[in-house]
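[1] Quick check, what structure comes out for this input:
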Amino acid sequence: MIAVVQFDAASASLLTRLEGEGRLPNLTALRQQGTHLDLETPAAHFPASAYQDLYRGVEVGEHGLYYPFQWAAGDQRVRLAASFDAPPPIWDRLGRAGRSTLAIDPYECHRPDDARGELVCGWGMRERVVLERWSVPDDGDREARRRHGRPPDVTEVFGAQAPRELRRLRERFLQAPRRVADLAVERLRARPFDLAWIVFAAPHLAGHRLWAVPPYLDEAAVPLAERERLDSTLAEVYEEVDAQLGRVLEALPDACDVIVCSVLGMDENTSRADLLPGMLSAVLGEGTGGGGRDSDSGAIWRLRGALSGRLRSRIAAAMPDRLALELTARLELRGVDWSSTRAFAHPADNQGYVSLNRRSRERDGIVGEAEAAELTAQIREGLLDFRDRDGEPAVVAVEEVAGRWQGAAAGRLPDLVVRWRPTSSVVLPAVHSPRFGEVHRQGHGSGRTGNHTDGDAWAILAPRTGRTRKLTRPARLTDIPATVAALCDVPLQGLSGEPLLER
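    As a prediction, the model looks like this:
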């Protein structure tokens with residue numbers, strides 16, 4: 001048996017501090033006994049792709065999935081990532097070979113088709129976008145939900161954070177790790193599995209929402225003592241995950257090889273992605289403040305800024321999850337005049353994504369091959385002209401995607417990735433350009449105080465029956481599913497990685 005446990009999206013700096021203070025004894029012991037590896041990750045360009053690399057075992061160009069809501073060129077609209085064809089996740093590969101899996105809360109993972117065993121998502125917490133409820137077999141989690149109760153709802157609604165919501169989130173994030181461990185221990189004692197894949201997602205979601213109390217909430221809204229308590233939440237979540245990790249490790253069979261990993265890092269939120277539609281519109285329309293109509297792809301951010309998060313949350317809560325997600329996808333880029341739009345900003349919450357409206361690719365494309373290079377140069381030059389309020393560049397790079405990733409699905413990726421200045425953007429009201437004028441933020445953007453770093457992915461290998469292999473290259477996320485396949489005697493054909501362990 002092999003077990004993969006995700007200490008999901010952990011902050012490297014916070015882990016170092018807490019381990020140094022002796023507050024993560026189980027992770028520290030595992031690190032001392034096992035082998036620590038830094039992992040190559042696509043997070044510098046496509047953070048969400050890290051999960052698809054990890055679960056599907058292939059690189060970005062082969063699966064082409066980079067965000068929960070992504071552009072479908074042939075339909076000229078945004079679709080849910082789950083609607084795109086992609087290589088199967090590792091538990092489907094095991095299922096086809098007759099192997100069984102216990103999986104709990106695989107993050108941003110779509111329901112598998114051929115998995116065998118017991119798989120459940122939306123268990124420790126319910127988050128309708130990244131922890132959507134599904135189970136294998138269908139309704140296989142019903143009896144467990146009767147016994148353990150319903151999971152706490154932590155569904156994120158972009159916009160300003162409210163003190164009441166922060167208090168509620170604190171309690172729910174601290175409850176979630178035990179729920180995950182309770183089910184894992186229960187099922188591991190009930191029957192054998194070939195693979196156990198357990199995800200503690202609380203560090204991830206708490207990192208986005210409770211990295212720090214937002215600076216725009218003053219002492220009248222959040223008194224000092226409460227601010228200190230809320231600011232300590234993420235560290236307490238890490239401690240709770242460590243305690244529950246210990247319970248899961250104890251429940252595993254003696255002959256079980258173990259990999260504990262984090263596929264993304266976390267730090268302060270530096271994203272200005274909500275400002276990108278206005279910036280792009282100003283650059284291409286030669287207007288000020290996003291007034292140009294060319295590439296007016298920011299309507300959904302204006303809607304988020306105009307309606308309170310509480311109101312939008314209530315509207316969404318009244319709908320079934322799938323309907324709410326489909327509606328969000330429909331609203332993204334809705335109302336854009338494609339007959340005049342040469343380029344547009346994709347949905348994003350970390351890096352910024354831009355695509356040209358290509359005649360050879362988009363259903364309603366208008367940009368020909370001869371224009372593309374000049375348009376790309378215009379966009380890059382224009383975006384790099386924008387400054388934060390202190391006069392420093394808001395954008396540090398605008399990088400072309402073509403040729404960087406190879407594979408059957410590479411054509412789904414955006415044309416350009418916009419990388420932001422690595423400073424906090426939480427209270428940034430606007431960016432300005434001497435040439436294009438000022439672009440104002442709608443409300444508080446995503447409202448997140450924490451977001452992903454470019455790297456900080458790692459794994460700890462703790463084999464109990466096998467031994468660690470020495471690779472001739474840096475380790476990658478895709479090596480973890482390759483390791484699972486190899487130890488479960490499943491062919492590696494179609495996987496991008498190499499096994500990290502061998503018998």
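[2] Regarding residue 143, what are the backbone dihedral angles?
    phi -70, psi -40 (degrees, to the nearest 10).
[3] what's the answer for the one 5 residues further on, then?
    The phi/psi pair for residue 148 (degrees, to the nearest 10) reads phi -100, psi -10.
[4] lowest-pLDDT helix or strand in this structure?
    Scoring the helices and strands of the chain by mean pLDDT, DSSP states H and E places helix 299-306 at the bottom, with a mean of 56.
[5] give the contact list for residue 30.
    Listed by C-beta atoms under 8 Å, 6 or more residues apart in numbering, the contact partners of residue 30 are 249, 258, 260, 460, 462. In short, each C-beta sits where N, CA and C put it, glycine included.
[6] try residue 10
    Per C-beta under 8 Å, 6+ apart, neighbours of residue 10: 203, 207, 238, 262, 265-266, 456.
[7] Can you convert these into a markdown table and add a column each for pLDDT, neighbour count and distance to residue 476?
    Putting the contacts of residue 10 into a markdown table (pLDDT from 0 to 100; neighbours: other C-beta atoms under 10 Å; distance: C-beta to C-beta, whole Å) gives the following:
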| residue | pLDDT | neighbour count | distance to residue 476 |
| --- | --- | --- | --- |
| 203 | 98 | 25 | 22 |
| 207 | 98 | 28 | 23 |
| 238 | 98 | 27 | 25 |
| 262 | 98 | 25 | 14 |
| 265 | 98 | 24 | 16 |
| 266 | 98 | 26 | 20 |
| 456 | 97 | 22 | 14 |
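[8] can you give me how far stretch 59-78 is from the chain middle?
    15 Å (C-alpha atoms, centre = their mean, to the nearest Å).
[9] scratch that, stretch 15-24 is what I was asking about
    25 Å.
[10] Mind listing what's buried along it?
    15, 18-19, 24 (16 or more other C-beta atoms under 10 Å).
[11] what's next to that stretch, contact-wise?
    Under C-beta under 8 Å, 6+ apart, the answer for stretch 15-24 is 27-28, 31, 235, 238-239, 242.
[12] Just the ones of these in strands?
    Within the contacts of stretch 15-24, no residue falls in strands by DSSP state E.
[13] which residues touch residue 445?
    Listed by C-beta under 8 Å, 6+ apart, the contact set of residue 445 reads 158, 271-275, 301, 425.
[14] For residue 199, grab phi and psi.
    Torsion angles, degrees, to the nearest 10, at residue 199: phi -120, psi 120.
[15] what's the spacing between it and residue 39?
    16 Å (C-beta to C-beta, to the nearest Å).
[16] now residue 240
    For residue 240, the distance to residue 39 - C-beta to C-beta - is 24 Å.
[17] neighbour-wise, which of these two wins?
    The neighbour count for residue 240 versus residue 39, taken as other C-beta atoms under 10 Å, is higher for residue 39 (23 against 20).
[18] which one is residue 40 nearest to, not counting chain neighbours?
    Spatial nearest neighbour of residue 40, chain neighbours left out: residue 476 (4.6 Å); criterion: C-beta to C-beta, 6 or more residues apart in numbering.
[19] Surely the one you found and residue 500 touch.
    No: if you go by C-beta atoms under 8 Å, residue 476 and residue 500 don't touch, sitting 9.7 Å apart.
[20] Please say which of these two ends up with more neighbours.
    Set residue 476 next to residue 500 and count neighbours by other C-beta under 10 Å: residue 500 wins out with 27 against 22.
[21] Give me the number of neighbouring residues for the residue lying closest to the more buried one once chain neighbours are set aside.
    Among residues not flanking residue 500 along the chain, residue 483 sits closest, at 4.6 Å (C-beta to C-beta, 6+ apart). Residue 483 has 29 neighbours, counted by other C-beta under 10 Å.
[22] which residues does residue 483 contact?
    2, 259, 497, 499-501.
[23] How far does the helix or strand where it lies sit from its chain's centre?
    In the assignment (DSSP states H and E), residue 483 maps to helix 479-487. Distance, stretch centre to chain centre, for helix 479-487: 22 Å (C-alpha atoms, centre = their mean).
[24] do stretch 349-361 as well
    19 Å.
[25] Give the buried residues for that stretch.
    Quick answer for stretch 349-361 (16+ other C-beta under 10 Å): 349-358.
[26] Select from the residues you listed every entry located in strands.
    Reading strands off the buried residues of stretch 349-361 with DSSP E, I get 352-356.
[27] before we move on, the earlier item: point out the least confident one among the contacts of residue 445.
    The member of these with the lowest pLDDT is residue 301, at 53.
[28] so where's the stretch 351-500 of the chain shaky on pLDDT?
    Along the stretch 351-500 of the chain, no part satisfies pLDDT under 70.
[29] residue ranges for the strands of it, please.
    352-356, 395-400, 416-420, 430-433, 437-440, 450-451, 458-462, 467-468 (DSSP state E, counting those that start in this stretch).
[30] Could you export those strands as CSV, including distance to residue 97?
    Listed next are those as CSV, based on distance: least, C-beta to C-beta, whole Å:
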stretch, distance to residue 97
strand 352-356, 37
strand 395-400, 39
strand 416-420, 37
strand 430-433, 52
strand 437-440, 53
strand 450-451, 38
strand 458-462, 23
strand 467-468, 23
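[31] wait, which of these is closest to residue 144?
    Residue 144 lies closest, by C-beta to C-beta, to one member of the strands of the stretch 351-500 of the chain: strand 458-462, at 27.6 Å.
[32] List the strands paired with the host helix or strand of residue 4, with their directions.
    Using DSSP H and E, the element containing residue 4 is strand 2-7. As defined by DSSP bridges, the strand partners of strand 2-7 come to strand 195-200 (parallel), strand 257-262 (parallel).
[33] how many degrees apart are it and helix 479-487 in direction?
    Counting by axes from the mean of the first three to the mean of the last three C-alpha atoms, to 10 degrees, strand 2-7 lies at 160 degrees to helix 479-487.
[34] hey, C-alpha coordinates of strand 2-7 in CSV?
    Only the C-alpha atoms of strand 2-7 are listed here, as CSV (Å, rounded to 0.1, in the frame of the first residue of the first chain):
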residue,chain,number,x,y,z
ILE,A,2,1.0,3.6,-0.6
ALA,A,3,-0.4,6.7,1.0
VAL,A,4,-0.2,10.3,-0.2
VAL,A,5,-1.1,13.0,2.3
GLN,A,6,-1.4,16.6,1.2
PHE,A,7,-0.6,19.4,3.7
